[in-house]
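Asks: Would you be able to build a 3D model of this:
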Amino acid sequence: MHPLLRKEGFILDVDGVIGRGRKPIPPAVDAVKKLIEMGKIVVFVSNNSTRSRRIYLQRFKEYGLDVDESQMILATYVTAEYIKEKHGKSKIFTTGEDGLKEELVLAGHKVVDYDEAEVLVVGSNRGINFEIMTKALRMCLDKAKYYYATNPDKIFPSEDGPIPGTGMIVGSLYWMTGRLPDRVCGKPERVIMDLTLKKVGLSAEDVVVVGDQIDIDVKAGRVIGAKTLLVLSGVTTEQNLEEMVRKAGIKPDYILRDLSGLFNA
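Replies: Numbers count the residues shown, from 1 in each chain. Model prediction:
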């Protein structure tokens, strides 16, 4: 038995771990089912800033996984809740797509144009254009406006290979203004990880954090003091593993080709 199977809770990334876009990773999906059958507490913590919990639940049905909303801890949801906690219901301009906007509205915020907004929320947008970037730039230059990012991901795994993550927008704004977000809400920051531990009702020593990116997922596990498992089915692969470790400056506790390795050890 793999030593990680002694853990009570599994905090799983989604993209690159159990699926790539609409395509599931079948051995990993089977592994998730086995973990649930074993009575493990399984939650999905994703930095994907284009999707709401509702959208993700539909995607999981397509993967063949029967999970509920309480198991979904998404950067979109966490960002919306964090802003409400800090500033109350706010007027927000976002670079993000409909999934992020949906979570902002569900939290009681109003999504408005940049000249009405009190808060800038940066999230990925596969239709990003000059107009959206101009509006984000103008808000970023105004130090009276709060600025939050859903996540710092530089690269995101898709069905046919890596694509730019939210970091593309965060990096562009920093290059133009010298300003970084007032807070990043997704992994590897404590905002999302502390909320996750609270949701599962376990201590860090009782869980394992699983992901495909060292500087995001493994670091997130380190932040809370949990064991970490890196899978080579997403952004990090067997081919670029050494380079990724060198760039991140940290190593995961365990490495597997994919999640099914938990049961093939």
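
Asks: need the next SSE after the lowest-mean-pLDDT helix or strand in the chain, C-terminal direction.
Replies: Within the chain, judged by mean pLDDT, DSSP states H and E, the helix or strand with the poorest mean is strand 155-158; its value is a mean of 80. Downstream of strand 155-158, the next assigned helix or strand under DSSP states H and E is strand 161-164.

Asks: I'd like to know which elements that next one is packed against.
Replies: Counting contacts by 3 or more C-beta pairs under 8 Å, 6 or more residues apart in numbering; DSSP states H and E, strand 161-164 packs against strand 155-158. Backbone N, C-alpha and C define where each C-beta goes, glycine included.

Asks: And for the strand it packs on, what's in contact with it?
Replies: 15-16, 20-21, 48, 124, 162-165, 167, 212-213, 234-235 (C-beta atoms under 8 Å, 6 or more residues apart in numbering).

Asks: returning to what we had before: strand partners (parallel or antiparallel) of the least confident helix or strand of the chain?
Replies: If you go by DSSP bridges, strand 155-158 pairs up with strand 161-164 (antiparallel).

Asks: so how far is the helix or strand that the strand it pairs with is followed by off the chain centroid?
Replies: Helices and strands here follow DSSP H and E; after strand 161-164, the next one along the chain is helix 167-177. Put simply, helix 167-177 sits 19 Å off its chain's centre (C-alpha atoms, centre = their mean, to the nearest Å).

Asks: what's downstream of helix 167-177, the next helix or strand?
Replies: strand 183-184.

Asks: What are the buried residues along the helix or strand following that following strand?
Replies: Next in sequence after strand 183-184, counting helices and strands by DSSP H and E, comes helix 190-200. By 16 or more other C-beta atoms under 10 Å, the buried positions in helix 190-200 come out as Val191, Ile192, Met193, Leu195, Thr196, Leu197, Lys199, Val200.

Asks: Including pLDDT and distance to Lys91, could these go into CSV?
Replies: Formatted as CSV, the buried residues of helix 190-200 follow (pLDDT from 0 to 100; distance: C-beta to C-beta, whole Å):
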residue, pLDDT, distance to Lys91
Val191, 95, 21
Ile192, 97, 24
Met193, 97, 28
Leu195, 94, 24
Thr196, 96, 28
Leu197, 96, 31
Lys199, 91, 28
Val200, 94, 33
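
Asks: Can you tell me which of those is closest to Ser52?
Replies: When the buried residues of helix 190-200 are compared for distance to Ser52 (C-beta to C-beta), Ile192 comes out closest, at 15.4 Å.

Asks: Provide a list of residues in contact with that closest one.
Replies: Going by C-beta under 8 Å, 6+ apart, Ile192 touches Val45, Ile73, Ala75, Val78, Cys185, Gly186, Ala220.
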